[in-house]
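# The amino acid sequence is not available; the structure is as follows:
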C-alpha cells in the first residue's frame with residue numbers, strides 16, 4: 001500500500017505539466033476518490049504557484065478517470081502579494097476529467113480570532129463504530145473512520161430519516177492530517193443521503209474546499225449535513241472538520257447526485 005504522501009507524488013515533465021498515477025488503494029470500487037484527485041491537482045497547483053497552502057480549491061468533476069497514469073496541467077493566472085490563483089486539470093487519454101481553481105497562499109496555525117459557534121457535539125472516539133466493520137479495502141485501508149452512533153444507522157442496516165453524519169477520522173499510517181489530506185477528509189464520511197434511504201455511488205459534480213487553519217496532531221472530527229434532496233436526485237452536502245483541539249480547520253460544500261437517481265437514468 002502507498003501512503004497518502006506516496007500516492008500524491010507528482011513529477012514535472014515540462015513547464016506546467018506533471019505526471020502522476022491514480023492508485024487503486026485510494027479509490028472507491030473502480031472510481032478514484034474525488035478528494036484524492038483534488039489533492040493531486042492541488043499539489044501540482046501549489047508547486048506551480050510556489051505557495052505553501054491551498055486556501056480555496058473549487059472543483060468540477062467532468063468524468064471519472066481509470067486507475068493509472070494521468071497528466072496534471074497547470075496555468076498560473078494570478079500571482080499577488082497575499083495569494084496566487086492557479087487553474088489545473090487532470091487529463092487522461094487526452095480528455096479532461098477533473099478541473100480545479102486553487103487559491104494558494106500561507107495560513108498560520110494560530111487560533112481563530114472569532115468563530116460563530118464552537119465544535120458541535122460528538123461521541124468520544126472510542127464510543128463510535130468503526131466503518132471498517134461493514135466495508136473493507138481501498139480507502140478504508142488508509143483511513144480509520146468511526147461514526148457517531150447517533151448518525152450511524154447505515155452500520156445497522158437502517159435509515160435514520162435525517163441528512164447528517166458525524167465521525168472521527170485518522171490516517172492508518174500514523175501520520176497527521178495536513179492541508180492536502182484534509183481535502184480527502186471533507187469528502188470521506190458516508191453520503192448523508194444514505195440516512196434517507198438512498199444507496200450506491202453518489203457522484204460529486206462540484207465541490208469547494210476551504211482551509212481555515214493548520215490542524216493540530218491527532219484525529220479530526222467531521223460533520224456533514226444535507227439541506228435538501230430534490231425529487232430528481234440532486235443534493236447538497238456541507239462539511240466541517242475540527243482538529244483534536246476543537247478548532248475549525250476545514251469546510252466544504254458540494255453538489256452531488258444520489259445513487260438511486262443514477263440507477264434510474
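Okay, I see it. For clarity, every value in this text was computed on a predicted model and none was experimentally measured. Numbering: from 1, shown residues only.

# Identify each of the strands in the stretch 151-265 of the chain and give its residue range.
Taking DSSP state E, counting those that start in this stretch to define them, one finds strands in the stretch 151-265 of the chain at 164-171, 204-211, 220-225, 234-242, 248-257.

# Would you mind getting the angle between the first one and strand 234-242?
Calculated by axes from the mean of the first three to the mean of the last three CA atoms, to 10 degrees, strand 164-171 forms an angle of 50 degrees with strand 234-242.

# Who are the packing partners of strand 164-171?
strand 143-147, strand 220-225 (3 or more CB pairs under 8 Å, 6 or more residues apart in numbering; DSSP states H and E). Glycine gets a C-beta too; all of them are placed from N, C-alpha and C.

# among the ones you listed, which gets the worst mean confidence?
In terms of average pLDDT, strand 143-147 trails the rest of those, at a mean of 93.

# isn't residue 17 right next to residue 73, touching?
Yes - with the criterion set as CB atoms under 8 Å, residue 17 and residue 73 qualify as a contacting pair; they are 5.5 Å apart.

# overlap in contacts of the two?
Taking CB atoms under 8 Å, 6 or more residues apart in numbering as the criterion, residue 17 and residue 73 do not both touch any residue.

# on that earlier part again, between the helices and strands packed on strand 164-171, which gets nearest to residue 200?
strand 220-225 (17.5 Å; CB to CB).

# In contact with residue 202, which residues are there?
Per CB under 8 Å, 6+ apart, neighbours of residue 202: 191, 193, 235, 256-259, 262.

# tell me which residues in the one helix or strand in the chain whose mean pLDDT sits lowest are buried?
Ranking every helix and strand in the chain by mean pLDDT, DSSP states H and E puts helix 259-263 at the bottom, with a mean of 75. Taking 16 or more other CB atoms under 10 Å as the neighbour-count basis, helix 259-263 is seen to contain the buried residues 259-261.

# try stretch 6-22
Of the residues in stretch 6-22, 7-8, 10, 16, 18, 20, 22 count as buried by neighbour count, 16+ other CB under 10 Å.

# can you name the two of those that are farthest apart?
Largest separation among the buried residues of stretch 6-22 by CB to CB: 7 and 16, giving 22.1 Å.

# what about the nearest residue to residue 75 once chain neighbours are set aside, helix or strand, and which?
With CB to CB, 6 or more residues apart in numbering as the criterion, residue 75 has its nearest non-adjacent residue at 4.8 Å, and that residue is residue 87. Under the criterion of DSSP states H and E, residue 87 resides in strand 84-92.

# domain assignment for the chain?
As given by automatic domain parsing, the domain ranges for the chain are 4-105, 125-263.

# Endpoint to endpoint, the first one covers what distance?
To tie it back to what came earlier, the one meant is domain 4-105. For domain 4-105, the first-to-last residue distance is 22 Å (CA to CA, to the nearest Å).

# for the last one, same thing?
As for domain 125-263, its first-to-last residue distance stands at 35 Å under the measure CA to CA.

# To residue 198, which of the strands of the stretch 151-265 of the chain lies closest?
Closest to residue 198 of these, according to CB to CB: strand 234-242, at 8.4 Å.

# Give me the average confidence score over the closest one.
The predicted confidence, averaged over strand 234-242, sits at 97.

# got it, and stretch 47-58?
97.

# Please identify the buried residues of that stretch?
If you call a residue buried by 16+ other CB under 10 Å, then stretch 47-58 has these buried ones: 47-49, 51, 53-57.

# Likewise for stretch 68-80?
Buried residues in stretch 68-80, defined by neighbour count with 16+ other CB under 10 Å: 70-74, 76.

# Tell me the bridge partners for residue 89.
Using DSSP bridges, the bridge partners assigned to residue 89 are residue 73, residue 99.

# which residues touch it?
Residues in contact with residue 89, defined by CB under 8 Å, 6+ apart, are 41, 72-73, 96-100.

# can you check residue 100 too?
Counting by CB under 8 Å, 6+ apart, residue 100 makes contact with 38, 41-42, 45, 57-60, 87-89.
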